[in-house]
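Colleague: sequence and predicted structure are below.
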Amino acid sequence: MSRKTFAAGLTALALWAGAAAAPAEAQQITTLYYQEVEKDGRVYVFNTPERFASFQASGEIGTAITLIGRGEGGATLVAENETAADLYLFKHDLPGYDRESPKPYKPPFDVSWKGGKTTITSKDAKIEIGSRVQFRFTQSEPEEGESKGSFRVRRAKFAVSGTIYEDWKFKTQAVWSGGSTTLEDAYIEYARNPMATLWFGQGKAWFGRQELTSSGSQQFVDRSITSERFAAGRDQGIGLTGRNSSKTFEYGVGIYNGNGRNQSANDDNDFMTVGRLVWTPFGEYKLEESALDYPSSPKLALGIAGMSTTDGDDEVTRLGLEAAFKVGGFNAVGEFYQESLDLLAGETLDTDGYYLQIGYLYPNRKFELAGRFAAVSPDVVGNADENETGVAASWYFAKHGQKLQADFRQVEDEASGTTDDEFRLQFQIVF
């Protein structure tokens with residue numbers, strides 16, 4: 001018999017005994033009913049007069065607790081409820097019996113905060129609310145023109161996402177930047193089957209790993225020139241995504257208007273189509289740069305993606321290859337793009353691009369150094385390549401939720417023959 005059960009029984013019995021011995025005025029304050037009956041080799045005990053009266057009339061106890069061999073002399077004990085059983089065992093100085101502890105009360109409505117998100121949980125919904133602000137200083141040193149330093153709020157985002165009625169997921173996100181408010185994401189997913197989740201609305205098309213990685217989870221202050229040049233960005237459409245139960249395979253396919261976010265209608269009769277396939281042989285690899293999880297075993301992601309769209313009367317097709325690797329504090333990510341632009345005049349313009357980014361997070365899991373090289377190379381007469389070389393340092397106060405980043409990059413435009421330098425310092429907080 002547990003100490004709590006014994007104490008409860010002792011208290012109840014004391015009240016019962018005290019009521020019997022107390023004056024009439026005290027008995028009016030509290031009483032505890034108890035009856036004990038032996039029948040057919042069993043002991044029946046009650047602690048409500050209604051059930052005892054019903055038993056006397058019908059000979060049946062109804063729903064009860066049956067304890068075989070726990071009565072005196074090994075008799076079977078049949079108790080109306082746990083209180084009656086406890087009183088009998090205590091009265092006859094018999095060992096108590098174990099029962100499951102009552103489950104803690106779970107309120108139908110709960111609010112919590114963790115990792116920069118406020119979560120509201122109810123019976124049929126789980127809603128997450130979060131904001132993110134990036135405050136940046138940039139010192140520009142162009143080869144031609146004056147040097148300039150400036151402060152700006154690079155991004156201020158507010159997002160609401162969650163799950164409703166188990167199978168439906170949603171996300172809406174707006175950004176305040178440059179004195180205006182822009183809707184970035186507004187989509188719904190029907191996620192009953194993890195291998196075939198229906199997606200529709202406005203959001204990022206599945207082409208370009210660095211673009212799909214949130215701007216709040218970047219290793220540098222911002223994305224590479226290659227990602228800015230080739231990635232699909234946000235658009236409106238419908239798609240299908242999925243992953244297997246072991247999280248070693250995932251895909252995304254979609255059809256979009258192809259003219260960007262927040263457009264009231266398609267700008268022509270053509271659509272943008274995308275498809276992305278990723279293999280993660282050692283388990284899930286989240287869309288997040290750096291190695292803040294400090295994995296003790298290797299993590300690898302290999303992907304291929306394709307996109308087809310139009311640019312005015314010209315046909316555009318792109319191929320993307322991606323790879324990401326991390327183990328311990330070491331991490332690397334890179335992508336290669338190839339674009340073919342079929343011009344109305346019958347000519348074809350090919351453009352290639354790639355970036356490689358390598359970083360190391362020190363064992364304190366706070367300080368990180370990283371380097372990046374990126375290039376965009378159009379196949380034109382003469383040299384029109386654009387190259388980016390940069391280094392970055394980050395201090396993570398609370399992983400990506402609160403961090404201070406600084407990077408220096410040099411962008412060389414061979415078409416114009418200029419080389420521009422830029423230093424950026426950015427603080428980010430998620431709340």
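Modeller: Received the coordinates, thanks.
Colleague: identify all contacting residues around stretch 213-223.
Modeller: 132, 134, 136, 154-155, 157, 210-211, 231, 287-290, 331, 333, 357, 359, 368, 370, 372, 390, 392, 394, 400, 405-407, 409, 424-426, 428, 430 (Cβ atoms under 8 Å, 6 or more residues apart in numbering). (Glycine included, C-beta is placed from N, CA and C.)
Colleague: could you redo the last one with a cut-off of 7 Å?
Modeller: 132, 136, 155, 210-211, 287-290, 357, 359, 370, 372, 390, 392, 394, 400, 405, 407, 424, 426, 428, 430 (Cβ atoms under 7 Å, 6 or more residues apart in numbering).
Colleague: which of the residues you listed fall within helices?
Modeller: Judged by DSSP state H, the subset of those located in helices is Q210, E211.
Colleague: which residue, other than its chain neighbours, is closest to A64?
Modeller: Nearest residue to A64, sequence neighbours excluded (Cβ to Cβ, 6 or more residues apart in numbering): V78, at 5.2 Å.
Colleague: okay but the one you found is in contact with I68, surely?
Modeller: No - between V78 and I68 there is no contact under Cβ atoms under 7 Å: 9.8 Å.
Colleague: show me where the stretch 201-350 of the chain has strands.
Modeller: Using DSSP state E, counting those that start in this stretch, the strands of the stretch 201-350 of the chain run over residues 234-243, 249-256, 272-279, 299-311, 314-327, 330-342, 348-361.
Colleague: who does the fifth one touch, helix- and strand-wise?
Modeller: Counting by 3 or more Cβ pairs under 7 Å, 6 or more residues apart in numbering; DSSP states H and E, the packing neighbours recorded for strand 314-327 are strand 299-311, strand 330-342.
Colleague: what pairs with the first one, parallel or antiparallel?
Modeller: Strands that pair with strand 299-311, judged by DSSP bridges, come out as strand 272-279 (antiparallel), strand 314-327 (antiparallel).
Colleague: could I get those as JSON lines with mean pLDDT and distance to S180?
Modeller: Shown next, in JSON lines, are those (pLDDT from 0 to 100; distance: least, Cβ to Cβ, whole Å):
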{"stretch": "strand 272-279", "mean pLDDT": "98", "distance to S180": "25"}
{"stretch": "strand 314-327", "mean pLDDT": "96", "distance to S180": "28"}
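Colleague: output the ones you listed in a markdown table; the columns should cover distance to K247 and mean neighbour count.
Modeller: A markdown table is the format used below for the strands paired with strand 299-311 (distance: least, Cβ to Cβ, whole Å; neighbours: other Cβ atoms under 10 Å):
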| stretch | distance to K247 | mean neighbour count |
| --- | --- | --- |
| strand 272-279 | 10 | 20 |
| strand 314-327 | 14 | 19 |
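Colleague: among these, which is nearest Y190?
Modeller: If you check each of the strands paired with strand 299-311 against Y190 by Cβ to Cβ, strand 272-279 wins as the nearest, at 19.5 Å.
Colleague: give me the contacts around that closest one.
Modeller: 205-207, 232, 235, 248-258, 301-309.
Colleague: cool, and stretch 342-353?
Modeller: Residues contacting stretch 342-353 (Cβ under 7 Å, 6+ apart): 226, 229-230, 313-315, 337-341, 375-379.
Colleague: give me the low-pLDDT residue ranges for the stretch 151-300 of the chain?
Modeller: For the stretch 151-300 of the chain, no stretch has pLDDT under 70.
Colleague: so which residues of it form helices?
Modeller: Counting by DSSP state H, counting those that start in this stretch, the stretch 151-300 of the chain has helices at residues 209-212, 225-230.
Colleague: for the longest one, which outside residues touch it?
Modeller: When contacts are defined by Cβ under 7 Å, 6+ apart, helix 225-230 is touched by residues 208, 210-211, 318, 335, 337, 339, 353-355, 374-376, 386, 388, 411.
Colleague: send the alpha carbons of it over as PDB?
Modeller: Taking C-alpha atoms only, helix 225-230 is exported to PDB below (Å, rounded to 0.1, in the frame of the first residue of the first chain):
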ATOM      1  CA  ILE A 225      24.900  36.100 -55.300                       C
ATOM      2  CA  THR A 226      24.400  32.700 -56.900                       C
ATOM      3  CA  SER A 227      21.300  32.000 -54.900                       C
ATOM      4  CA  GLU A 228      19.900  35.400 -55.500                       C
ATOM      5  CA  ARG A 229      20.500  34.900 -59.300                       C
ATOM      6  CA  PHE A 230      19.000  31.400 -59.800                       C
END
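Colleague: quick one: it to chain centroid distance?
Modeller: Distance of helix 225-230 from the chain centroid (Cα atoms, centre = their mean, to the nearest Å) equals 27 Å.
Colleague: just to check, N331 is in contact with E288?
Modeller: No - the pair N331 / E288 is not scored as a contact, 9.7 Å apart, by Cβ under 7 Å.
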